[in-house]
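K.L.:
kindly return the folded structure for what I paste below:
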Amino acid sequence: MRIRFGYVSHALSLWEATPARTMTYARYKKLDDEERIPHLEKITEINLRNTLRALHFNIAHEIHLYRFSSSLVPLATHREVQWDYISPFKSLYQEIGEMIQTHQMRTSFHPNQFTLFTSDKPHVTDNAVKDMEYHYALLEAMGLEKEGHINLHVGGAYGNKEAAVARFHDNLKQLPTQIKKQMTLENDDKTYTTSETLEVCEKESIPLMFDYHHYLANHEQEEKLDELLPRFFDTWKGMGVPPKIHISSPKSEKAYRSHADYVSLDYIKPLLKILKTLDEPVDFMIEAKAKDRALLQLVEEIANIRGVKRLGGAMVNL
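P.N.:
Have a look, this model is predicted:
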């Protein structure tokens, strides 16, 4: 079975290449009126050009998976800041999209934990819709709106999971259909287990973004990995891309939910063993703190396992 590997937004191997430079609203307010938009534009251009640098790095290292930074555009969804973050950068967005399509990369976004649909407060849902629209607008500008995914968690439980899940289904109706089609949902390390998230995914026809580390940090005794993974695979049927799994390992036993700098091969070996029996292609998104460095180290270690064949810079066959 084939596994491709990717990492999150910032190629640490590159100098000064963060695609997530930002500006606080407090800083924005201190600027003179005529300075505000130029400052936002300058930061956005730097972030987009650093994204291009990361993509060139990925091409050179044969990395086919990449998660964009959600902070490409500073203050894009702030209610007190209205500005056009698409038109001034059309050529840059197009260049990014064309590079991704030419080299057949798979890309995604992962909005922060405040983008959720389980709240009983209407403004929280309104903000979630607005944030999803922002991410979709970026994909659209890149020409990737039919292929890029936007990954969320189910949200908070607020002391009553059943009621919160019911609100999720109801509030999600406010999300435009074309954006919902690009959604994935991820199991949590504290709140919604893999089986609970799967139930939501199956009801809404949304693919599950399975997080292995979160599963180990938060699962019921009856939740067996070999029983959950086939259901996870089923949520991706008809999507045209392999299922995607988030990979990380604990920083320590005490800080179990925190991500380590690198991924422990021993930690993920039980997952690899089950995936091999399923014999279906899958993609791994590395969420370790060392990002691209962790990816390249893990690929090297897996490729050294007897019987594993390395197919490229960031691809193996188990």
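
K.L.:
excluding chain neighbours, what is closest to the residue most central in space within the chain?
P.N.:
Nearest to the mean C-alpha position of the chain, by Cα atoms, centre = their mean, lies residue 110 at 3.9 Å. Using Cβ to Cβ, 6 or more residues apart in numbering and skipping residues adjacent in sequence, the residue nearest residue 110 is residue 151, 4.6 Å away. Where C-beta positions appear, they are placed from N, C-alpha and C, glycine not excepted.

K.L.:
three-state assignment of the one you found?
P.N.:
strand (DSSP: H, G, I helix; E, B strand; the rest coil).

K.L.:
surely it touches residue 207?
P.N.:
No: using Cβ atoms under 8 Å, residue 151 is not in contact with residue 207; the gap is 9.3 Å.

K.L.:
between the two, which contacts overlap?
P.N.:
184, 185 (Cβ atoms under 8 Å, 6 or more residues apart in numbering).

K.L.:
hmm, back to that, so who does the residue nearest to the centre of the chain touch?
P.N.:
Residue 110 sits in contact with 8, 67, 70, 150, 151, 152, where contact means Cβ under 8 Å, 6+ apart.

K.L.:
the stretch 1-150 of the chain: strands as residue ranges?
P.N.:
2-8, 65-67, 106-109, 149-153 (DSSP state E, counting those that start in this stretch).

K.L.:
TSV please, covering those strands and showing mean pLDDT.
P.N.:
Listed next are those as TSV, based on pLDDT from 0 to 100:
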stretch	mean pLDDT
strand 2-8	98
strand 65-67	98
strand 106-109	98
strand 149-153	98
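
K.L.:
need those in CSV (columns: mean neighbour count and distance to residue 180).
P.N.:
Shown next, in CSV, are those (neighbours: other Cβ atoms under 10 Å; distance: least, Cβ to Cβ, whole Å):
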stretch, mean neighbour count, distance to residue 180
strand 2-8, 23, 23
strand 65-67, 23, 20
strand 106-109, 22, 14
strand 149-153, 23, 9
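
K.L.:
make CSV out of the ones you listed and add distance to residue 115.
P.N.:
Output for these, formatted as CSV (distance: least, Cβ to Cβ, whole Å):
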stretch, distance to residue 115
strand 2-8, 17
strand 65-67, 15
strand 106-109, 10
strand 149-153, 6
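
K.L.:
of all the ones you listed, which one is nearest residue 128?
P.N.:
strand 149-153 (8.2 Å; Cβ to Cβ).

K.L.:
report the mean per-residue pLDDT for stretch 235-252.
P.N.:
Here stretch 235-252 scores 97 as its mean pLDDT.

K.L.:
in it, what's buried?
P.N.:
Neighbour counts using 16 or more other Cβ atoms under 10 Å place 235, 236, 242, 243, 244, 245, 246, 247, 248, 249, 250 of stretch 235-252 among the buried residues.

K.L.:
cool, and stretch 285-302?
P.N.:
Quick answer for stretch 285-302 (16+ other Cβ under 10 Å): 285-288, 290-299, 302.

K.L.:
tilt between the strand or helix carrying residue 276 and strand 2-8?
P.N.:
Per DSSP states H and E, residue 276 falls inside helix 265-278. Here helix 265-278 runs at an angle of 140 degrees relative to strand 2-8 (axes from the mean of the first three to the mean of the last three Cα atoms, to 10 degrees).

K.L.:
next helix or strand past helix 265-278?
P.N.:
Immediately after helix 265-278, counting by DSSP H and E, sits strand 282-286.

K.L.:
read off the pLDDT value for residue 221.
P.N.:
88.

K.L.:
and what about it, helix, strand or coil?
P.N.:
Per three-state DSSP, residue 221 ends up coil.

K.L.:
can you name the residues bridging to the residue nearest to residue 110?
P.N.:
Beta-bridge partners recorded for residue 151 (DSSP bridges): residue 184.

K.L.:
ok, it - contacts?
P.N.:
If you count contacts by Cβ under 8 Å, 6+ apart, residue 151 has them with 108, 109, 110, 111, 183, 184, 185, 186, 209.

K.L.:
taking those residues together, which two end up most distant?
P.N.:
109 and 185 (13.6 Å).

K.L.:
which stretches of the stretch 201-318 of the chain form strands?
P.N.:
Using DSSP E, counting those that start in this stretch, strands in the stretch 201-318 of the chain cover 208-211, 244-247, 282-286, 309-312, 315-317.

K.L.:
quick one: closest of these to residue 21.
P.N.:
Nearest of the strands of the stretch 201-318 of the chain to residue 21, taken as Cβ to Cβ: strand 282-286 at 22.6 Å.

K.L.:
which other helices and strands contact the helix holding residue 276?
P.N.:
helix 225-234, helix 291-303 (3 or more Cβ pairs under 8 Å, 6 or more residues apart in numbering; DSSP states H and E).
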